[in-house]
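Q: make a model of this:
(one chain, ligands or ions: 2)
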Amino acid sequence: MRGQVSKPLFMITLLCAGSLMTTIICYVFDSNVEAQRPLPKKKSAPQPFDTCKGCSEVVNKALKRYSQTWKWQEENYKKFRSQLSSNCHGFDKAIITQANTPVGSKLAYDGDKKRTLQVTPEIFTTFIKENPFLNKKLDTCAVVGNGGILTNSSCGKMIDSAQFVIRCNLPPLQNGYEKHVGVKTDLVTANPSILVEKYGALMGRRRPFAESLRIYGNSLLLLPAFSYGYNTPVSLRAAYTTEDFESPAQAVFFNPDYLRNLSIFWRSQGLRAARLSTGIIMASLALEACTNVYLYGFWPFSNHPHALQTLTNHYYDDRKPRTVFHAMPVEFDLLLRLHTEGVLRLHLGECRPGEK
Ligand SMILES: *[C@@H]1O[C@H](CO)[C@@H](O)[C@H](O)[C@H]1NC(C)=O
Ligand SMILES: *[C@@H]1O[C@H](CO)[C@@H](O)[C@H](O)[C@H]1NC(C)=O
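A: Residues are numbered from 1 along each chain as shown. Ligands and ions are numbered 1, 2, ... in the order given. A predicted model of the protein is given here:
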């Protein structure tokens with residue numbers, strides 16, 4: 001399989017160059033921590049296709065690096081994980097718990113720079129009691145991005161074979177998608193904008209939302225409740241809904257302190273983006289919590305690396321992100337670097353029976 005990778009990837013490079021980058025979709029993943037209001041017009045906000053100037057280089061690199069034989073490199077993994085955990089403490093602190101955030105704590109929002117919130121006893125009751133990763137020795141984790149590269153990939157079984165499966169932004173898993181993306185879910189993120197658009201911000205009937213969570217079983221529903229002010233009420237309503245409907249899923253909240261430190265960490269690695277994508281946040285968390293991290297559905301280009309067909313933006317729709325927050329090719333480049341260093345494994349293309 002690896003032997004087959006290089007030629008089509010080389011072709012895609014030519015293809016991209018030939019089509020003047022106009023078909024390249026730079027932004028694959030939605031962020032679940034992005035603002036719901038229109039992006040303030042900052043000069044620093046990149047335009048979607050401007051940031052793609054380097055796409056052919058990135059794809060070229062993907063060709064060269066991805067086709068090398070992959071091997072898990074314990075030294076590199078340990079080194080990277082220790083950097084990550086000493087700066088971000090994701091294992092203990094990525095998720096707000098009653099243990100790490102007592103009543104009276106002051107949360108400083110990572111998106112709304114000036115906003116803070118003092119934890120009241122009522123809000124405190126919505127926090128999970130203790131760290132969900134504690135006493136769990138996670139060997140393999142799959143982080144499933146929602147990229148169109150998963151379409152018809154037959155990766156479902158392989159994804160589901162991981163001990164812990166992380167998914168982004170309440171993705172659909174039924175009606176034929178199972179075969180390609182799997183169904184097992186241990187943690188799923190939710191962008192408040194989905195709750196607003198699809199479930200009326202949970203201001204009216206909440207049953208449809210509660211029912212939509214069934215496919216995720218007893219997973220953690222991770223919300224960026226304290227990233228922007230308007231995320232908070234709707235995220236709390238999501239938590240009340242899971243409780244009131246006795247949903248097996250449990251709402252948990254991102255610690256804004258973690259998100260801020262993670263953003264600083266990735267900046268130190270060369271990533272300059274207004275916001276990190278959910279994909280890279282979850283990959284980072286997985287690196288702290290699990291020994292073997294496999295990434296699926298991460299491919300920020302508009303053509304399939306093997307078969308070269310045009311890809312949709314997500315495996316379930318072709319909706320483009322509304323706002324331009326992320327630097328996907330740069331994120332991808334960093335993840336590819338970790339792949340070549342044997343720190344994690346990016347999975348591109350189709351899955352075959354027996355492949356690991
Ligand atoms: C984030 O960084 C600050 C400053 O270095 C530190 O005090 C804080 O403990 C860090 N938070 C987490 C969750 O790592
Ligand atoms: C995926 O496979 C189905 C069934 O074979 C086919 O109808 C569909 O066109 C394929 N989609 C893509 C994007 O290749």
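
Q: in the stretch 151-300 of the chain, what residue is nearest ligand 2?
A: residue 152 (3.7 Å; Cβ to the nearest ligand atom). The C-beta positions use only the backbone N, C-alpha and C, and glycine is treated the same way.

Q: around the closest residue to that residue other than its chain neighbours, how many other residues sit close by?
A: Counting by Cβ to Cβ, 6 or more residues apart in numbering, residue 180 is the residue found nearest to residue 152 once chain neighbours are left out, at 6.1 Å. Look at residue 180: counted by other Cβ atoms under 10 Å, it has 21 neighbours.

Q: the chain: strands as residue ranges?
A: All strands of the chain, identified by DSSP state E, fall at 106-108, 116-118, 138-144, 164-167, 187-189, 220-223, 250-253, 290-296, 345-347.

Q: what number of residues lie near whatever residue of the stretch 201-350 of the chain ends up closest to ligand 1?
A: In the stretch 201-350 of the chain, the residue that lies nearest ligand 1 is residue 261 (3.8 Å; Cβ to the nearest ligand atom). If you count neighbours by other Cβ under 10 Å, residue 261 ends up with 19.

Q: you'd agree it is up against residue 88?
A: Yes. Residue 261 lies in contact with residue 88 (Cβ atoms under 8 Å); the separation is 4.7 Å.

Q: and stretch 63-74, what's buried?
A: Judged by neighbour count (16 or more other Cβ atoms under 10 Å), stretch 63-74 contains these buried residues: 63, 65-67, 70.

Q: residue 108 and residue 255, how far apart?
A: Distance, residue 108 to residue 255, using Cβ to Cβ, to the nearest Å: 10 Å.

Q: okay, those two: which has more neighbours?
A: residue 255 (26 against 14).

Q: now do the contacts for the more buried one.
A: Each residue near residue 255 by Cβ atoms under 8 Å, 6 or more residues apart in numbering is listed here: 93-96, 100-101, 107, 226.

Q: try it again at 6 Å.
A: Residues in contact with residue 255, defined by Cβ atoms under 6 Å, 6 or more residues apart in numbering, are 93-94, 96.

Q: in a markdown table: those, plus neighbour count and pLDDT.
A: Below are the contacts of residue 255 laid out as a markdown table (neighbours: other Cβ atoms under 10 Å; pLDDT from 0 to 100):
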| residue | neighbour count | pLDDT |
| --- | --- | --- |
| 93 | 18 | 96 |
| 94 | 27 | 97 |
| 96 | 25 | 98 |
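
Q: contact residues of the stretch 251-356 of the chain facing ligand 2?
A: For the stretch 251-356 of the chain, the contact set with ligand 2 under Cβ under 6 Å from any ligand atom comprises residue 309.

Q: returning to what we had before: what two of the buried residues of stretch 63-74 are the furthest from one another?
A: 63 and 70 (14.5 Å; Cβ to Cβ).

Q: what's the closest non-adjacent residue to whichever residue of the stretch 1-150 of the chain sits closest to ligand 2?
A: In the stretch 1-150 of the chain, the residue that lies nearest ligand 2 is residue 148 (7.6 Å; Cβ to the nearest ligand atom). Counting by Cβ to Cβ, 6+ apart, residue 311 is the residue found nearest to residue 148 once chain neighbours are left out, at 3.4 Å.

Q: got a list of what that neighbour touches?
A: Neighbours of residue 311 in contact, by Cβ under 6 Å, 6+ apart: 148-149, 302, 304.

Q: next one, pLDDT for the residue lying closest to residue 216 once chain neighbours are set aside please.
A: Closest residue in space to residue 216, ignoring its immediate chain neighbours: residue 185 at 4.4 Å, by Cβ to Cβ, 6+ apart. Residue 185 carries a pLDDT value of 98.

Q: can you check residue 300 too?
A: Value for residue 300, per-residue pLDDT: 85.

Q: then residue 35?
A: Residue-level pLDDT assigned to residue 35 equals 39.

Q: same check on residue 55?
A: 54.

Q: residue 309 too?
A: So residue 309 comes in at 77 (pLDDT).

Q: I'd like to know how many residues surround the nearest residue to it once chain neighbours are set aside.
A: Using Cβ to Cβ, 6+ apart and skipping the chain neighbours, the partner closest in space to residue 309 is residue 303 (6.9 Å). If you count neighbours by other Cβ under 10 Å, residue 303 ends up with 24.
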